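>>> Provided below for reference: sequence and predicted model.
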2 protein chains.
Amino acid sequence: MQKSLLLVSSSRTHGDTYLSHALPQVRELLVGVQTLVFVPFARPGGLTWDEYTEVPRSVFAELGIQVKGIHQFDNIPQGAAEAEAIFIGGGNTFLLLQDLYATGAFPVIQERVLQGMPYMGTSAGSNVAGLTISTTNDMPIVYPPTFEAFGFVNFNLNPHFIPGKLLPEHKGETREDRIHEFHHLPRNTQPVLGIREDSMLSLQKGKLDLIGQSPAVLFRQGRPDLEIEPGVDLSKLL
Amino acid sequence: MQKSLLLVSSSRTHGDTYLSHALPQVRELLVGVQTLVFVPFARPGGLTWDEYTEVPRSVFAELGIQVKGIHQFDNIPQGAAEAEAIFIGGGNTFLLLQDLYATGAFPVIQERVLQGMPYMGTSAGSNVAGLTISTTNDMPIVYPPTFEAFGFVNFNLNPHFIPGKLLPEHKGETREDRIHEFHHLPRNTQPVLGIREDSMLSLQKGKLDLIGQSPAVLFRQGRPDLEIEPGVDLSKLL
């Protein structure tokens, strides 16, 4: 069975409410789904798992979908095993990956998604769908057992992508500088797709599409960066 | 013997040349030093070790100090063992820490600095002087064997500190959000000092000073953030 993915850059865009910019794609991904299993491990702002699981509840209720936290099953791997569809929310990517491994959820989610269970992620939840978390923007607040992620797509993601210097007088690296440094290391051969906050990737029936208002940027080792316009078929990256 | 440290937030400030804002403190740290051993492992922009070692050469030549790369000794641990003083340059903190361990330099540098060898760092080189690299801003382009760093000071650093949202419409976390997420984890009990790009920390004769034009911010677990003005004695943080 084919993978079915929705990888959203940011759960909110400027002036919009939670997930409102992604609702058509969420509906498409979750058609027929009655209960969505939510993975709250990334804990933005230090929310507890219970608190974070409440955040998406009302949006999905409007779609007629119930939300249940993966930690609210008898055990967490079982939550992944029984899920009709899974949604991994944003927050800290290191903490998320750490707890995906520590709870035993990782291999079960991976296997189910490869078998065709619908998967959606926002921000950190999109990051972990790539090959590694080595192009996250997050602070490494915990040391996970590896940076290896699900590998549902054959590249790395950089969510919340924003080009250039944010403040002209600041000397910290730009996002592009950071991703170029990733590619200066010979071992880092995978492409990186930087997706703006209004954008998302949808994989349906073997076709990978960029959806949104702004171009993404494709970074490749030893090759020029490439702007990708929304609507372009990215399936060759799979 | 007492530690002698200079931890610079950024090797350049806006409109200034390399290290020019830190020259009085560099002179003070390196009085009597003839050869400075430079550690180029952080490789900003993918520079080679040789290329990066050329960057500080002219500035130190003006002070009458010769620069030698730690990789230009017969072996790297020996370079650390023979150094009169050491300077770890900025770049990518993960790559730096990885190569400090991989080359065998880490324990030798650590021991020598604890015995009183002068140490200076900029950016990533200042980060690794703290307890862990868990509050770096850098992208995790390699997976180091640990996040544990030298621990020359009893807290973590956040160089290139800049408060607030850099772009009002962007949804990525602010620097404060990220450091607060670090402290939401019970195990992360150490304070974090965010130092602005014009600032540095100097440890001489057991006294730790903040030097620069802008306040630093001290983040502590479960306590309010505290602005620290330049000139304040920070020795209680040691």
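All right, it came through fine.
>>> Quick check: the gap between residue A:177 and residue A:225.
From residue A:177 across to residue A:225, the span is 12 Å (CB to CB, to the nearest Å). C-beta: built from backbone N, CA, C; applies to glycine.
>>> where do the strands sit along chain A?
A:5-8, A:35-39, A:66-69, A:85-88, A:119-122, A:156-161, A:192-196, A:200-204, A:207-211, A:216-220, A:223-228 (DSSP state E).
>>> Turn those strands into a markdown table, columns for mean neighbour count and distance to residue B:10.
Below are the strands of chain A laid out as a markdown table (neighbours: other CB atoms under 10 Å in any protein chain shown; distance: least, CB to CB, whole Å):
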| stretch | mean neighbour count | distance to residue B:10 |
| --- | --- | --- |
| strand A:5-8 | 27 | 34 |
| strand A:35-39 | 24 | 37 |
| strand A:66-69 | 16 | 42 |
| strand A:85-88 | 25 | 35 |
| strand A:119-122 | 28 | 32 |
| strand A:156-161 | 26 | 23 |
| strand A:192-196 | 25 | 24 |
| strand A:200-204 | 22 | 35 |
| strand A:207-211 | 18 | 35 |
| strand A:216-220 | 21 | 25 |
| strand A:223-228 | 12 | 26 |
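>>> Looking at those, which is nearest to chain B?
The closest of the strands of chain A to chain B is strand A:156-161. By CB to the nearest CB, the value is 4.3 Å.
>>> quick one: contacts for the closest residue to residue A:5 other than its chain neighbours?
The shortest distance from residue A:5 to any non-neighbouring residue, by CB to CB, 6 or more residues apart in numbering or on different chains, is to residue A:203 (4.0 Å). The contact partners of residue A:203, by CB atoms under 8 Å, 6 or more residues apart in numbering or on different chains, come to A:3-7, A:152-153, A:209, A:238.
>>> Tell me the one among those nearest to residue A:140.
residue A:7 (21.7 Å; CB to CB).
>>> Might one say that the closest one is in contact with residue A:118?
No - the criterion here is CB atoms under 8 Å, and residue A:7 misses it with residue A:118 at 11.9 Å.
>>> Now do the helices in chain A.
Ranges of helices within chain A are A:23-29, A:49-54, A:57-62, A:76-82, A:93-102, A:105-114, A:124-127, A:175-184, based on DSSP state H.
>>> Relative to chain B, which of those helices is closest?
When the helices of chain A are compared by CB to the nearest CB, helix A:175-184 sits nearest chain B, at 2.9 Å.
>>> Counting by contacts, list what the closest one packs against.
If contacts are counted by 3 or more CB pairs under 8 Å, 6 or more residues apart in numbering or on different chains; DSSP states H and E, helix A:175-184 sits against strand A:156-161, strand A:192-196, strand A:216-220.
>>> and these as JSON lines, adding distance to chain B and mean pLDDT?
As requested, the helices and strands packed on helix A:175-184 are exported to JSON lines (distance: least, CB to the nearest CB, whole Å; pLDDT from 0 to 100):
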{"stretch": "strand A:156-161", "distance to chain B": "4", "mean pLDDT": "96"}
{"stretch": "strand A:192-196", "distance to chain B": "10", "mean pLDDT": "97"}
{"stretch": "strand A:216-220", "distance to chain B": "12", "mean pLDDT": "97"}
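>>> So, low pLDDT: which residues of chain A?
Residues of chain A meeting the criterion pLDDT under 70: none.
>>> Apart from its chain neighbours, what residue comes closest to the residue located most distally from the centre of chain A?
Computed with CA atoms, centre = their mean, the residue of chain A farthest from its C-alpha average is residue A:169, at 31.3 Å. The shortest distance from residue A:169 to any non-neighbouring residue, by CB to CB, 6+ apart, is to residue B:14 (3.8 Å).
>>> Tell me how many other residues crowd that neighbour.
Other residues within reach of residue B:14, judged by other CB atoms under 10 Å in any protein chain shown, total 13.
>>> is it true that it touches residue A:172?
No - in this structure residue B:14 lies outside contact range of residue A:172 using CB under 8 Å: 11.7 Å.
>>> which residues do the two both contact?
Residues touching both residue B:14 and residue A:172 (CB under 8 Å, 6+ apart): residue B:197.
>>> State the number of residues packed around the nearest residue to residue A:165 once chain neighbours are set aside.
Residue nearest to residue A:165 in three dimensions, not counting chain neighbours: residue A:174, with 5.6 Å by CB to CB, 6+ apart. Residues lying near residue A:174 (other CB under 10 Å) number 14.
>>> Fine by me, we can end here.
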